[in-house]
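> Got a sequence here, can you model it:
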Amino acid sequence: MLNIGFIGAGKIADLHAPGYLANPDARIYAVADNGPGIAEARAAEWGAEKAYTDYRAMLDDPAVDAVEVLTPHSLHAQMVVDALDAGKHVSLQKPMAITLDECNAIVDAANNTDKFMRVFENFAYYEPIVRAKQMLDDGVIGEPISMRMKTVTGHRKHGWDIPDASIAWRFDQSINGVGKAILDYGYHIFAMGRWFLGEPEQVFAWIRTSYTQEGYENDSPLLVAWSYEGGKTHGSWEQQASTEMVVRSDYYPGDEWFELSGTRGVIWVNRCTAKMLYDTPPLTYYADGEMSRVTEDEINADWGNSFVQCVNEFVYGILEGRQPDMTAEDSRETYKFARASQLAASENRPVTLSDVRD
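Okay, here's the model as predicted:
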């Protein structure tokens, strides 16, 4: 039985906790959060034995085998390094850090321990995406040509009840990093771009500005385009944010859909976080002149389930003695992909990931 400690117990923990609560081989043993009463309340909610206001005290507990780091992004690097130094396995909520130096520090710490460290990427475990990737690898639509991703965020009242404080820090560049859309939300998109088709060769982007209903400046709308190594395939991501948009969701008020084109057909993942295309099957594909649909009777299209599956990958990676998916080095490349987009937009030129120096 793995004893898991949560470092940070805010809103995102509502998505991480169910996987551990349902797993017969792991349990939430301890919770650390410096907010008044939060650790105690979450420990009671999840049946954890220990509650701490200082995460370092939890790291001193020899009973803790692994930690989930679910804190604001500027805290990630120090917490991960401390946890690895304390001999704990680490699962870290994206993005891994807010500067390249911090990413490098995490990579160095991960390379100097026998404990496992991974960055949590639930989209890689969302069943329609998993099925789409398998179909692509199996050649259902022939040789891949392109990948197109579209994301939309709407008014927050149509999704989860998110505390104002959680909204505020995500638009504070000293805490969240530069780029709410590009670095925070976009980390998922860039991870999926690499996961489906490999490493980007050149990146170009247009990034504009809009404002949220609270008046925060947001780096959206945007369009990022890239070519993959070898120059035979390419990808793109278009994001829009609108306070007038109704995005009905059981989770965050944003949705995503993916299109994968090949020489013999096209695969569509029609929704992820929300239910904008609620009357459309979660996965459809056209191959060799025939249209096929994969319905919710055949596949689990609940976005929350992707967190459960991502938790299971971490737990059984540890128990089986293998590195879980999304290593520190791999995640650093995703970070550089995001920053390359910003660099391309600011300098109005195509760039490579090796151009990222921040």
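> Distance check, the nearest residue to residue 112 once chain neighbours are set aside against residue 352.
Excluding the flanking residues, the one nearest residue 112 by Cβ to Cβ, 6 or more residues apart in numbering is residue 84, at 7.9 Å. The way it works is simple: take the backbone N, C-alpha and C, and place the C-beta from them, glycine included. To residue 352, residue 84 is 30 Å away according to Cβ to Cβ, to the nearest Å.
> who's more crowded, the two?
The neighbour comparison of residue 84 against residue 352 (other Cβ atoms under 10 Å) goes to residue 84, with 25 against 15.
> hang on, that one in a helix?
Yes - counting by DSSP: H, G, I helix; E, B strand; the rest coil, residue 84 is located in a helix.
> Tell me the predicted confidence for it.
As predicted, residue 84 sits at a pLDDT of 98.
> Contacts only, for it.
90, 109-110, 112-113, 115, 117 (Cβ atoms under 8 Å, 6 or more residues apart in numbering).
> ok, 10 Å please
59, 67, 90, 106, 108-117, 328 (Cβ atoms under 10 Å, 6 or more residues apart in numbering).
> what do you get for residue 7?
30-34, 52, 55-56, 58-59, 67-71, 75-76, 79-80, 82-83, 88, 90, 92-93.
> 6 Å - rerun?
32, 55, 67, 69, 79 (Cβ atoms under 6 Å, 6 or more residues apart in numbering).
> How about the secondary structure of the last one?
In three-state terms, and counting by three-state DSSP, residue 79 is helix.
> Show me the beta-bridge partners of the nearest residue to it once chain neighbours are set aside.
Leaving aside its chain neighbours, residue 79 sits nearest to residue 69 (5.2 Å; criterion: Cβ to Cβ, 6+ apart). Per DSSP bridges, the residues bridged to residue 69 are residue 7, residue 92.
> how many other residues sit next to residue 69?
Residue 69 has 24 nearby residues by other Cβ under 10 Å.
> in the stretch 51-200 of the chain, which spans are strands?
Applying DSSP state E, counting those that start in this stretch to the stretch 51-200 of the chain gives strands spanning 66-69, 89-93, 117-120, 144-153, 200-207.
> which stretch among the ones you listed comes nearest residue 11?
strand 89-93 (11.4 Å; Cβ to Cβ).
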